[in-house]
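Undergrad: Need a 3D model of the sequence below.
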Amino acid sequence: MTITVDDIIRLAIEKEENAYKLYSGILNKISDPGARAMISQLAQEELEHKEALKKLDKKKLKKVEPKKIEDLKIAEFLKDRDITETSNLQDVLVFAMKREKEAYEFYSKFAQEVTDPGLKKVLESFAQQELKHKRDIETFYDDVIYQED
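TA: Presented below is the predicted three-dimensional model:
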(Lines give C-alpha, C1' and ligand atoms only; values in the text may rest on other atoms or scores of the structure.)
Protein backbone atom coordinates (compact mmCIF):
# COMPACT_ATOMS: atom_id res chain seq x y z
CA MET A 1 0.00 0.00 0.00
CA THR A 2 1.35 3.38 -1.00
CA ILE A 3 0.81 6.29 1.36
CA THR A 4 0.14 9.69 -0.20
CA VAL A 5 0.16 13.25 1.06
CA ASP A 6 -3.65 13.15 0.86
CA ASP A 7 -3.67 10.09 3.14
CA ILE A 8 -1.47 11.87 5.66
CA ILE A 9 -3.59 15.02 5.57
CA ARG A 10 -6.77 12.97 6.04
CA LEU A 11 -5.17 11.21 9.01
CA ALA A 12 -4.06 14.53 10.51
CA ILE A 13 -7.55 16.00 10.07
CA GLU A 14 -9.02 12.94 11.77
CA LYS A 15 -6.57 13.27 14.68
CA GLU A 16 -7.45 16.97 15.11
CA GLU A 17 -11.18 16.15 15.03
CA ASN A 18 -10.68 13.42 17.64
CA ALA A 19 -8.71 15.83 19.83
CA TYR A 20 -11.51 18.39 19.51
CA LYS A 21 -14.09 15.79 20.54
CA LEU A 22 -11.91 14.69 23.45
CA TYR A 23 -11.48 18.23 24.78
CA SER A 24 -15.14 19.08 24.20
CA GLY A 25 -16.20 15.97 26.08
CA ILE A 26 -13.90 16.81 28.97
CA LEU A 27 -15.34 20.32 29.18
CA ASN A 28 -18.59 18.93 30.57
CA LYS A 29 -16.75 17.12 33.36
CA ILE A 30 -14.83 20.06 34.84
CA SER A 31 -16.09 22.66 37.28
CA ASP A 32 -12.85 24.63 37.88
CA PRO A 33 -13.21 27.90 35.86
CA GLY A 34 -9.52 28.11 34.90
CA ALA A 35 -9.44 24.49 33.79
CA ARG A 36 -12.67 24.96 31.81
CA ALA A 37 -11.25 28.01 30.05
CA MET A 38 -8.06 26.15 29.13
CA ILE A 39 -9.93 23.09 27.81
CA SER A 40 -12.26 25.34 25.82
CA GLN A 41 -9.26 27.12 24.29
CA LEU A 42 -7.55 23.81 23.45
CA ALA A 43 -10.73 22.50 21.81
CA GLN A 44 -10.98 25.67 19.71
CA GLU A 45 -7.32 25.37 18.67
CA GLU A 46 -7.89 21.79 17.52
CA LEU A 47 -10.78 22.99 15.32
CA GLU A 48 -8.54 25.71 13.89
CA HIS A 49 -5.80 23.14 13.17
CA LYS A 50 -8.36 20.94 11.40
CA GLU A 51 -9.53 23.84 9.22
CA ALA A 52 -5.93 24.82 8.42
CA LEU A 53 -5.20 21.24 7.33
CA LYS A 54 -8.23 21.29 5.02
CA LYS A 55 -6.84 24.41 3.30
CA LEU A 56 -3.25 23.17 2.91
CA ASP A 57 -1.60 23.72 -0.44
CA LYS A 58 -0.25 20.22 -1.09
CA LYS A 59 2.16 21.45 -3.78
CA LYS A 60 3.93 23.72 -1.31
CA LEU A 61 3.76 21.22 1.53
CA LYS A 62 6.47 18.89 0.24
CA LYS A 63 8.83 21.85 -0.11
CA VAL A 64 8.41 22.92 3.50
CA GLU A 65 11.45 22.52 5.72
CA PRO A 66 10.29 21.48 9.19
CA LYS A 67 11.38 23.99 11.82
CA LYS A 68 13.13 22.41 14.77
CA ILE A 69 11.16 23.19 17.93
CA GLU A 70 12.80 23.02 21.32
CA ASP A 71 11.22 20.40 23.56
CA LEU A 72 11.07 21.66 27.15
CA LYS A 73 10.41 18.07 28.32
CA ILE A 74 8.28 19.16 31.27
CA ALA A 75 5.61 16.57 30.46
CA GLU A 76 8.17 13.79 30.71
CA PHE A 77 8.61 14.48 34.42
CA LEU A 78 4.92 14.66 35.33
CA LYS A 79 2.53 11.84 36.17
CA ASP A 80 -0.40 11.17 33.86
CA ARG A 81 -3.66 12.62 35.11
CA ASP A 82 -7.20 11.61 34.41
CA ILE A 83 -9.74 14.37 33.95
CA THR A 84 -12.60 14.31 36.45
CA GLU A 85 -15.13 16.80 37.79
CA THR A 86 -12.56 17.86 40.41
CA SER A 87 -9.74 18.46 37.91
CA ASN A 88 -8.01 21.80 38.21
CA LEU A 89 -5.95 23.85 35.76
CA GLN A 90 -2.77 21.92 36.56
CA ASP A 91 -4.49 18.59 35.84
CA VAL A 92 -5.77 19.89 32.52
CA LEU A 93 -2.38 21.25 31.48
CA VAL A 94 -0.62 17.98 32.30
CA PHE A 95 -3.29 16.03 30.41
CA ALA A 96 -2.93 18.32 27.38
CA MET A 97 0.88 18.16 27.42
CA LYS A 98 0.76 14.37 27.43
CA ARG A 99 -1.74 14.34 24.57
CA GLU A 100 0.43 16.65 22.44
CA LYS A 101 3.47 14.52 23.28
CA GLU A 102 1.64 11.43 22.00
CA ALA A 103 0.71 13.23 18.77
CA TYR A 104 4.33 14.36 18.29
CA GLU A 105 5.59 10.81 18.84
CA PHE A 106 2.99 9.40 16.42
CA TYR A 107 4.06 11.67 13.54
CA SER A 108 7.77 11.27 14.35
CA LYS A 109 7.52 7.49 14.28
CA PHE A 110 5.47 7.59 11.09
CA ALA A 111 8.11 9.87 9.49
CA GLN A 112 10.85 7.36 10.31
CA GLU A 113 8.91 4.59 8.57
CA VAL A 114 8.27 6.26 5.20
CA THR A 115 10.87 6.26 2.45
CA ASP A 116 9.51 9.06 0.27
CA PRO A 117 11.51 12.22 1.14
CA GLY A 118 8.52 14.51 0.49
CA LEU A 119 6.21 12.52 2.75
CA LYS A 120 8.94 12.37 5.38
CA LYS A 121 9.10 16.20 5.35
CA VAL A 122 5.33 16.48 5.65
CA LEU A 123 5.25 14.12 8.62
CA GLU A 124 8.24 15.80 10.27
CA SER A 125 6.49 19.14 9.82
CA PHE A 126 3.32 17.80 11.47
CA ALA A 127 5.44 16.34 14.29
CA GLN A 128 7.09 19.70 14.87
CA GLN A 129 3.69 21.42 14.93
CA GLU A 130 2.54 19.03 17.66
CA LEU A 131 5.79 19.63 19.54
CA LYS A 132 5.14 23.37 19.31
CA HIS A 133 1.67 22.85 20.83
CA LYS A 134 3.28 20.82 23.62
CA ARG A 135 5.92 23.50 24.17
CA ASP A 136 3.28 26.24 24.29
CA ILE A 137 1.34 24.34 26.97
CA GLU A 138 4.54 23.58 28.88
CA THR A 139 5.54 27.24 28.78
CA PHE A 140 2.13 28.25 30.12
CA TYR A 141 2.43 25.54 32.80
CA ASP A 142 5.88 26.82 33.74
CA ASP A 143 4.68 30.44 33.90
CA VAL A 144 1.50 29.74 35.87
CA ILE A 145 1.92 26.56 37.91
CA TYR A 146 5.60 26.83 38.84
CA GLN A 147 5.02 30.44 39.87
CA GLU A 148 2.42 29.26 42.38
CA ASP A 149 4.87 26.89 44.10
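Undergrad: Quick check: closest non-adjacent residue to Gln129.
TA: In space, Gln129 comes closest to His49 once its chain neighbours are excluded; the distance is 7.7 Å by C-beta to C-beta, 6 or more residues apart in numbering. C-betas here are computed from N, CA, C, even on glycine.
Undergrad: wait, isn't that neighbour in contact with Glu17?
TA: No: using C-beta atoms under 8 Å, His49 is not in contact with Glu17; the gap is 9.6 Å.
Undergrad: Name the residue in the two with the higher neighbour count.
TA: Just comparing His49 and Glu17: by other C-beta atoms under 10 Å the higher neighbour count belongs to His49, 21 against 15.
Undergrad: What strand or helix carries that one?
TA: Using DSSP states H and E, His49 falls within helix 33-54.
Undergrad: Does the spatially most central residue of the chain lie in a helix or a strand, and which?
TA: Nearest to the mean C-alpha position of the chain, by C-alpha atoms, centre = their mean, lies Glu100 at 3.6 Å. Using DSSP H and E, Glu100 sits in helix 89-113.
Undergrad: check contacts around the residue nearest to the centre of the chain.
TA: Applying C-beta atoms under 8 Å, 6 or more residues apart in numbering, we find Glu100 in contact with Ala75, Glu130, Leu131, His133, Lys134, Ile137.
Undergrad: can you tell me which helix or strand the third one belongs to?
TA: I take that to be Leu131. helix 117-148.
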